[in-house]
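*Asks:* pasting the structure only:
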């Protein structure tokens, strides 16, 4: 692996120069050598930039935006050193060191053995400094970035942290000559803590936080990406013609499979007794109610053509439907948004204090999508990602999805047990990698499959579902079922 070598003394300089003459080393700049080939210089210098800085300016600190990024960006890093005027030092063709005059001895913290950086109060002040650099590189992030950084700190660590940052920045500002930057920082923190006007803020997250409507920026980015993906193509309309018997039978299987996926498992015959005879099966009162309550919601046509027109309507619909669905599980706090965060595997969902703000912000992307399957997929993913309640979120997300389809006169989607893993894999890819193709393909094919079943006759519908291995576990029936749905083809973008 290529290495860097520095001439730290006259004797070492002579030794390295001699090796260079023998062809064993190459000089990158005065005092800096490497034993690697020229093509390795870029990655080597960028990965070891901190050693180069420490060699050239032993008392310097990484500052301004570099104090946060801790790496070269567009080939630049910014440092503060005891120099009289700013300078840009070139290291080969790959690194530019923007050297800013200042006192590196105060307001710093160690981040590597050979280099310190500006601490948080200092780098916030620095990043409020107007940047006069060329368009190639801007040394400071500016006020909008500082606002967002502080809004996130408030969400994670509370008011005490912001007050501590302000107190430390006040003291540093006098020594660093950054009094005007502190005045601006004080206004930002005051606005976030509701002691100053909100209209001084410019960043969207900071404004929402100051208005007590904070949101999850990472999740909102994912929702924006899904909305953009869905806007790049159109799903064929899958028309549904209502009849009482087909609606009843489709709603039954919708409820049955949606509960089965979540672990509320009954035989089909047991589910028939629960739904059609209103009987509790095997003394499983709560489980039986889960199946019946979800069926009653999915069977209520008026309920299923009701979709939200505003963020407030969305929140109310979620709470009302969850309350009806989980009525017999008081320990799950029916209709009440979660107070503690929840997770599935290693995936943490939206924090409780960010829930309503995230749903409110995400709703704008929902409204911009066409009605039908596009909106339905977005709605399902949005609810699944936010996980608004202590329990029942998967069932609720699919219920909200199917309400979107019903309102658009389109076939509802059933997620058979056999296809559970494909469905969950689509969700995982969307959540972790921002890849939406699998999820969209799964839902499209499942809607087409639902449309291929004769729901008018319960016996025929059940026979087809059994023949297609819908009731099997994925390991036992996925090959057969995939052959059935492979006929439903659609061209989708890769991401």
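*Replies:* Sure thing, it's come through. Because the structure is predicted, anything quoted here is derived from the model rather than measured.

*Asks:* residue 222 reaches residue 431, doesn't it?
*Replies:* Yes: at 7.3 Å, residue 222 counts as touching residue 431 under the criterion of C-beta atoms under 8 Å. In this view, the C-beta of every residue, glycine as well, is placed from N, C-alpha and C.

*Asks:* give the intersection of the neighbour lists for the two.
*Replies:* residue 385 (C-beta atoms under 8 Å, 6 or more residues apart in numbering).

*Asks:* which one of the two is surrounded by more residues?
*Replies:* residue 222 (21 against 18; other C-beta atoms under 10 Å).

*Asks:* OK, contacts around the residue nearest to the more buried one when sequence neighbours are not counted?
*Replies:* Among residues not flanking residue 222 along the chain, residue 434 sits closest, at 6.2 Å (C-beta to C-beta, 6 or more residues apart in numbering). Residue 434 is in contact with 222, 225, 495, counting by C-beta under 8 Å, 6+ apart.

*Asks:* do you know how far residue 434 is from residue 387?
*Replies:* Taking C-beta to C-beta, to the nearest Å as the measure, residue 434 falls 18 Å from residue 387.

*Asks:* what does residue 483 give?
*Replies:* Taken as C-beta to C-beta, the span from residue 483 to residue 387 is 34 Å.

*Asks:* still on that earlier bit, can I get the contacts of residue 434 in CSV with distance to residue 245 and secondary structure?
*Replies:* Shown next, in CSV, are the contacts of residue 434 (distance: C-beta to C-beta, whole Å; DSSP: H, G, I helix; E, B strand; the rest coil):
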residue, distance to residue 245, secondary structure
222, 40, helix
225, 41, helix
495, 41, coil
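
*Asks:* could you double-check that residue 90 sits in contact with residue 99?
*Replies:* No: when contacts are counted by C-beta under 8 Å, residue 90 is not listed as touching residue 99 (11.5 Å).

*Asks:* who has more neighbours, those two?
*Replies:* For residue 90 versus residue 99, the count of surrounding residues by other C-beta under 10 Å is larger for residue 99: 22 against 11.

*Asks:* counting by contacts, list what whatever helix or strand the more buried one lives in packs against.
*Replies:* Following DSSP states H and E, one finds residue 99 within strand 95-101. Strand 95-101 sits against helix 49-56, strand 76-81, strand 87-91, with contacts defined as 3 or more C-beta pairs under 8 Å, 6 or more residues apart in numbering; DSSP states H and E.

*Asks:* go through the host helix or strand of residue 315 and flag the buried ones.
*Replies:* Remark: residue 315 resides in helix 311-325, with elements defined by DSSP H and E. By 16 or more other C-beta atoms under 10 Å, the buried positions in helix 311-325 come out as 311, 314-315, 317-319, 321-322, 324-325.

*Asks:* just curious, which of those residues is nearest to residue 103?
*Replies:* residue 311 (48.6 Å; C-beta to C-beta).

*Asks:* ok, that closest one - contacts?
*Replies:* 359-360, 363.

*Asks:* tell me the spacing between it and residue 303.
*Replies:* Residue 311 is 20 Å from residue 303, by C-beta to C-beta.

*Asks:* what of residue 31?
*Replies:* The value you get for residue 31 to residue 303, if C-beta to C-beta is used, is 75 Å.

*Asks:* same question, residue 46
*Replies:* For residue 46, the distance to residue 303 - C-beta to C-beta - is 58 Å.

*Asks:* next one: residue 221
*Replies:* Counting by C-beta to C-beta, the gap from residue 221 to residue 303 is 32 Å.

*Asks:* over to residue 482?
*Replies:* Look at residue 482 and residue 303: by C-beta to C-beta, they are 33 Å apart.

*Asks:* more neighbours: the two, which one.
*Replies:* The neighbour count for residue 482 versus residue 303, taken as other C-beta under 10 Å, is higher for residue 303 (17 against 14).

*Asks:* pull out the buried positions in the helix or strand the more buried one falls within.
*Replies:* Residue 303 belongs to helix 301-304 when elements are defined using DSSP H and E. By neighbour count on 16+ other C-beta under 10 Å, the buried set for helix 301-304 is 303-304.
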